[in-house]
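Student: Provided below are the primary sequence and the corresponding predicted coordinates.
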Amino acid sequence: MLSHAAALATALPAIGPGWLDPDTLIASFGPYALGGVVLVVFIETGLLFPFLPGDSLLFTAGMLTAQEQITVPIWLLCTMLFLAAFTGDQVAYAIGHRAGPRIFNRPDSRFFKQSYIDMTNAYFEKYGGRTIIVARFIPFVRTYAPVAAGVGKMSYRHFVSYNVIGALLWGVGVTLLGYALGNVTFIRENIEALLVAIVLASLTPIAFELLRARRDRIRALREADPTVAPAPRPPIADTQPDA
């Protein structure tokens, strides 16, 4: 599932028209660059429009602020983007909570694909509330994860807690990364893939923990009921030399 998300992230710049390029988009806002970037982040996270350049837009905004092409203090940019990311997920949660299954059962359209919802649900079932944090760094998933939470799988109090952390790590973290490293060409041109790689690395311990917990549950079931079949093992390759 994560490899699929990585492929989506790598292909993201080619999905939309040229005006969705972060540099072009920010330049089109002119003196209203701050408001434009904030609005785009809010729309992507809160209004079910997953094709906007989230990661790369934050990174580029930070880079242009460092270059003084966006003439606002970095603390103001980060504060506004945090609020946009946080508020966007709050709105998406409210949409999911109010509309419920009607959203998840609607047919595919140009901007809504059932496969995105299925992918988001798979993340949610595997990682629970942490999905709200992890999803921030996964294109498409970050748009639909708060909607999935709003359908009823997470209490509002827990959702807000995860949302604060996710908005801080994503909205502020990626912006500061652009502010500090925006002049490094390789990082600037591969920001989406690099962020997905970071998420993959951070989830590795969680994956091992889930596998260990599963083995422990199966062992406990076998001890309680000897008729429970053991977990299947992968076949071992025959190492005997050919006759």
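Tutor: Alright, I've got the coordinates.
Student: I'd like to know how many residues surround V72.
Tutor: Applying other CB atoms under 10 Å, we find 13 residues neighbouring V72. (C-beta placed from N, C-alpha, C; glycine too.)
Student: wait, I meant A94
Tutor: By other CB under 10 Å, the residues close to A94 number 15.
Student: which one is it nearest to, not counting chain neighbours?
Tutor: Spatial nearest neighbour of A94, chain neighbours left out: G150 (6.4 Å); criterion: CB to CB, 6 or more residues apart in numbering.
Student: do you know how far the one you found is from F59?
Tutor: To F59, G150 is 28 Å away according to CB to CB, to the nearest Å.
Student: which ones are touching the residue nearest to A94?
Tutor: Each residue near G150 by CB atoms under 8 Å, 6 or more residues apart in numbering is listed here: A92, Y93, A94, I95, G96, H97, R98, F159.
Student: Could you look up the SS state of it?
Tutor: The three-state assignment at G150 reads helix, by DSSP: H, G, I helix; E, B strand; the rest coil.
Student: Let me know the pLDDT of it.
Tutor: pLDDT for G150: 82.
Student: Ok, A229 next?
Tutor: pLDDT, read off for A229, is 55.
Student: Could you report the distance from the residue nearest to A94 to T65?
Tutor: According to CB to CB, G150 and T65 sit 33 Å apart.
Student: Also G182?
Tutor: Applying CB to CB to G182 and T65 gives a distance of 9 Å.
Student: Neighbour count: these two, which is higher?
Tutor: A direct count of neighbours by other CB under 10 Å for G182 and T65 places T65 higher, at 25 against 20.
Student: Checking Q69 next. Helix, strand or coil?
Tutor: Assignment for Q69 (three-state DSSP): coil.
Student: do you know how far it is from M63?
Tutor: For Q69, the distance to M63 - CB to CB - is 9 Å.
Student: So between the two, which is more surrounded?
Tutor: M63 (26 against 14).
Student: Just the pLDDT for that one.
Tutor: For M63, the pLDDT comes out at 88.
Student: What helix or strand is it located in?
Tutor: Using DSSP states H and E, M63 maps to helix 54-66.
Student: That'll do, ta.
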